[in-house]
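**Student:** this one's structure only:
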């Protein structure tokens, strides 16, 4: 019988211990998701938004989204005429503003209405805001397969959300989101989100198409990226209530 030397045994145990130490936790994975989603210094996106009702009837919108860092985001509709100029602004400390051209007034979005949908889409104001998932949710692994880390996220203590939990599918090769399920307070599936045509653009990962499906209303919102620009040096003035009126 071939004997194993004590040196070999120590080496094997050492390598095994390193492998265990290097295994990612659910928190590690979620933090990497945040890094990937907010990797760019700033983002300038032009997009087509398609609203699809339960009968398959479609309504098209065109919008621009500007984001700086991981805490400032502005979305403004460019068309059609009856939607042009509607704008949303998300700032640090959970401060949000809405501009409606018909009233020519910028108003701050109160906390109790952040669960309302934005301009007929399937995204609420809270959905549209910037987010660092690891700061707002506690994650646990549900499954690990060849392609994905599947995690269940529940709001951290003291964090108020309209969702009792989220279930996310994270691609192992780049830590980008591919799928998300949203559950209501009763634990029932409320909405689904899918990120498609994921590709690398100037060293940053993006999804060329995103679709949200409100299961309860049987309504869908599809977001198609038309133009993507990163790290263009967006000015802080773009992320002010005053700019929303322009």
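**Tutor:** Sure, I can see it. Please read these numbers as outputs of a predicted model, since none were measured by experiment. Numbering: from 1, shown residues only.

**Student:** pLDDT-wise, which helix or strand of the protein ranks last?
**Tutor:** When the helices and strands of the chain are scored by mean pLDDT, DSSP states H and E, helix 6-22 comes last with a mean of 45.

**Student:** quick one, strands of this protein?
**Tutor:** 42-52, 58-68, 72-79, 87-91, 95-100, 105-108, 137-144, 148-155, 165-171, 177-183, 189-201, 204-214, 219-230 (DSSP state E).

**Student:** Quick one, grab the pLDDT at the nearest residue to residue 125 once chain neighbours are set aside.
**Tutor:** Sequence neighbours aside, residue 114 is the residue nearest to residue 125 in space, at 4.6 Å (criterion: C-beta to C-beta, 6 or more residues apart in numbering). For the C-beta atoms, the positions are set from N, CA and C on the backbone; glycine is no exception. Here the pLDDT value assigned to residue 114 is 92.

**Student:** Okay, residue 114 and residue 224: tell me how far apart.
**Tutor:** To residue 224, residue 114 is 26 Å away according to C-beta to C-beta, to the nearest Å.

**Student:** okay, and for the chain, where does confidence drop off?
**Tutor:** Applying pLDDT under 70 to the chain flags the ranges 1-22.

**Student:** hmm, back to that, surely the residue nearest to residue 125 is in contact with residue 96?
**Tutor:** Yes. Contact criterion C-beta atoms under 8 Å: residue 114 and residue 96 qualify, at 6.8 Å.

**Student:** and for those two, which residues touch both?
**Tutor:** Residues touching both residue 114 and residue 96 by C-beta atoms under 8 Å, 6 or more residues apart in numbering: residue 125.

**Student:** one step back: the residue nearest to residue 125: what's it in contact with?
**Tutor:** Residues counted as contacts of residue 114 (C-beta under 8 Å, 6+ apart) are 96, 124-126.

**Student:** Save those residues as a markdown table, and put in neighbour count too.
**Tutor:** Listed next are the contacts of residue 114 as a markdown table, based on neighbours: other C-beta atoms under 10 Å:
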| residue | neighbour count |
| --- | --- |
| 96 | 20 |
| 124 | 18 |
| 125 | 20 |
| 126 | 21 |
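
**Student:** Would you mind giving those as CSV with distance to residue 242 added?
**Tutor:** Formatted as CSV, these follow (distance: C-beta to C-beta, whole Å):
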residue, distance to residue 242
96, 15
124, 25
125, 20
126, 24
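
**Student:** Could you point out which of those residues is nearest to residue 44?
**Tutor:** Nearest to residue 44 among the contacts of residue 114: residue 96, at 20.3 Å, using C-beta to C-beta.

**Student:** ok, for the closest one, nearest residue in space, not its chain neighbours?
**Tutor:** Nearest residue to residue 96, sequence neighbours excluded (C-beta to C-beta, 6+ apart): residue 109, at 4.1 Å.
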